[in-house]
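In: need a 3D model of the sequence below.
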Amino acid sequence: MHCLKLGSRIGSALTAPLAALVLGAMTSTTLTVAAYAQQPVALASAEKPSTDDISAIFKDRPCVLTKALTQFDAPITRTAKRLNDHEPITIVAVGSSSTGGAGASSPAFSYPSRLERELRLKYPDAPITVINRGINGEDAADMMARLDDVLAPKPDLVIWQLGTNTVLRDGSIPATSDILQSGITRIKATGADVLLIDPQFSPSVNAKPAVHDMVAMIGLVAKQTHVPVFRRYVAMRHWHEDQSIPFDRFIIADGLHMNDWGYSCLARLLADDIATAVMRSRTVAGVKAQQ
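Out: Numbering: from 1, shown residues only. From the prediction side, this is the model:
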């Protein structure tokens, strides 16, 4: 059920990652908008790990992170309740190319695909579906315009990745803040939880000083609206600066998109944070029951 939206002509002739990048280049109105539209297309790693063993990709480079770096500051109440009750869960991942999976060797290595597998391992008794609604090149306004489509599957959780393309295009952060707050309100009105993902830490993004303001704005809106944030920027900076992992071990040659290892580790850390939030909800429920 993973939905990477590509033009039918492109999709029939190209691999999913290549098509996603080409489509972004075709639809961009400014050459400086996305660095990846100007770069040679590079697939993820030359080695394609087996998708049968979800941990195989971490054989040479483990996926580890200090949990406190990305731990959620707000609950995912509906999601936690359904997982605790072993009920079916539908998650919709909305975003741009790093949600769609540009840079991965196949759609199976997009972060939504990997997240579904990670969560199914953690919750084998709860049917879990993660739907990929990532479209290359979009910003927050584009995503807001198709929010009805995002909400059509009646998700229990919407994971919203945003901010990178606005930073690359020198777009308005205050305008993005307004859109984000409106979008969160609309999603919450359906009863779904909201989880935000901020920009990636990568050479192309880091070249834009405004990325720090974008990361701060997303964190502030999350706090104001009581929704959690997966701090992707902090997690990836930790890989590079604290674990001394070279960029080319988790970022492809365009300096922007992740490779198979990067998406897989992102999904694993995100699944761990979701599981921690679910466990925390049990503790809170237990305390209330005793009162």
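In: kindly list the longest helix within the chain.
Out: helix 260-290 (DSSP state H).
In: what about stretch 251-267, start to end distance?
Out: In stretch 251-267, first residue to last residue: 15 Å (C-alpha to C-alpha, to the nearest Å).
In: quick one: the strands in the stretch 51-200 of the chain, in order.
Out: Using DSSP state E, counting those that start in this stretch, the strands found in the stretch 51-200 of the chain span residues 89-95, 128-134, 157-161, 193-197.
In: closest to F109 out of those strands?
Out: Nearest of these to F109, taken as C-beta to C-beta: strand 128-134 at 11.7 Å. Every C-beta, even on glycine, is put in place using the N, C-alpha and C of the backbone.
In: now do the closest one: distance to the chain's middle.
Out: Relative to its parent chain, strand 128-134 has a centroid offset of 11 Å by C-alpha atoms, centre = their mean, to the nearest Å.
In: sheet partners, orientation included, of it?
Out: Here strand 128-134 has these sheet partners by DSSP bridges: strand 89-95 (parallel).
In: what about the partner strand, distance to the chain center?
Out: Its chain's C-alpha centre and that of strand 89-95 lie 10 Å apart, by C-alpha atoms, centre = their mean.
In: just the angle between that strand and strand 193-197, please?
Out: Taking axes from the mean of the first three to the mean of the last three C-alpha atoms, to 10 degrees, one finds strand 89-95 and strand 193-197 inclined to each other by 40 degrees.
In: so where's the stretch 1-150 of the chain shaky on pLDDT?
Out: Residue ranges of the stretch 1-150 of the chain with pLDDT under 70: 1-52, 67.
In: enumerate every residue touching S264.
Out: Applying C-beta atoms under 8 Å, 6 or more residues apart in numbering to S264 gives the contacts I54, I57, F58, C63, F109, Y111, R114.
In: the third one: how many residues sit nearby?
Out: Yep, that's F58 we're talking about. F58 has 16 neighbouring residues, counting by other C-beta atoms under 10 Å.
In: now do the contacts for it.
Out: By C-beta under 8 Å, 6+ apart, F58 lies in contact with W261, S264, C265, R268.
In: and what of the last one?
Out: Each residue near R114 by C-beta under 8 Å, 6+ apart is listed here: I54, A108, Y263, S264, L266, A267, R268.
In: what is the burial count for the closest residue to the last one other than its chain neighbours?
Out: When you say that, I think you mean R268. Using C-beta to C-beta, 6 or more residues apart in numbering and skipping the chain neighbours, the partner closest in space to R268 is C63 (5.1 Å). Counted with other C-beta under 10 Å, the neighbours of C63 add up to 18.
In: what does S106 give?
Out: 16.
In: got it, and G191?
Out: 11.
In: which stretches of the stretch 1-150 of the chain form helices?
Out: Using DSSP state H, counting those that start in this stretch, the helices of the stretch 1-150 of the chain run over residues 8-13, 16-27, 77-84, 97-100, 111-122, 140-145, 147-151.
In: C-alpha coordinates for the last one, CSV please?
Out: Extracted as CSV, the C-alpha positions of helix 147-151 are listed here (Å, rounded to 0.1, in the frame of the first residue of the first chain):
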residue,chain,number,x,y,z
LEU,A,147,-4.5,17.1,2.7
ASP,A,148,-7.9,15.6,1.9
ASP,A,149,-6.1,12.9,0.0
VAL,A,150,-3.7,12.3,2.9
LEU,A,151,-6.7,11.9,5.3
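In: residues in contact with that helix?
Out: The contact list for helix 147-151 (C-beta under 8 Å, 6+ apart) reads V92, V94, R133, M143, V158, G183, R186, I187, T190, A192.
In: give me the pLDDT value at A189.
Out: A189 is assigned a pLDDT of 98 by the prediction.
In: so what's it up against?
Out: With C-beta under 8 Å, 6+ apart, A189 has no contacts at all.
In: any idea how far E116 is from it?
Out: Distance of A189 to E116, given as C-beta to C-beta, to the nearest Å: 25 Å.
In: before we move on, the earlier item: out of the contacts of F58, which is nearest to P127?
Out: Minimum distance to P127 across the contacts of F58 is 20.4 Å, recorded for R268 (C-beta to C-beta).
In: how many neighbours does the closest one have?
Out: Neighbourhood size, R268 [other C-beta under 10 Å]: 22.
In: leaving out chain neighbours, which residue sits closest to S172?
Out: Distance criterion C-beta to C-beta, 6+ apart; nearest residue to S172, sequence neighbours excluded, is T166 at 7.4 Å.
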